[in-house]
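Peer 1: sharing a model that was predicted from the sequence below.
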Amino acid sequence: MAVVRSSSRGYNSPERRSERAMLKAPVVILTRGADNKTMFEETQTIAVNIHGAMIVSRLKFEAGQIITLRNSRTCEEAPCRVVYLSPRQPENREVGIEFTEPRPQFWRISFPPPDWTPKDPEAKGNRNR
């Protein structure tokens, strides 16, 4: 499982509650359709943090909608709220989801501390050592 920490300006902005990690992790989205039947989609994350993820989905969502996210590797499930819908992608749109409570262990990775930068002495491939 490859994790790439974001270092682009603004991506881990001061307003962000936790650091993002670029991570393609398999997940299953579970939600209820208009007919109250359970719908699901197997997809993957684009980026994750302890508060949620950015995923790609073909399903239709509304902002504020509550869904369940299942980590396909661990089968752990967590309730989430849809907080962002990409306006430019009608299919395979990016969807930002937020756990109803922080889940630092959900992704089974170690997140960098808030002051981490690519220039950190412990950064892999750091040429400034």
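Peer 2: Sure thing, it's come through.

Peer 1: for the residue most central in space within the chain, which non-adjacent residue is spatially closest?
Peer 2: Centrality entry for the chain: nearest residue to the mean C-alpha point is Ala53, 1.4 Å, by Cα atoms, centre = their mean. Distances taken as Cβ to Cβ, 6 or more residues apart in numbering put Thr45 closest to Ala53, at 4.6 Å, once the chain neighbours are dropped. Where you see a C-beta, it was placed from the backbone N, CA and C, and this is true even at glycine.

Peer 1: and Lys37, how far from Gly52?
Peer 2: Applying Cβ to Cβ, to the nearest Å, one obtains 25 Å for the distance of Lys37 from Gly52.

Peer 1: and those two? which has more neighbours close in?
Peer 2: A direct count of neighbours by other Cβ atoms under 10 Å for Lys37 and Gly52 places Gly52 higher, at 27 against 8.

Peer 1: all good on my end, thank you.
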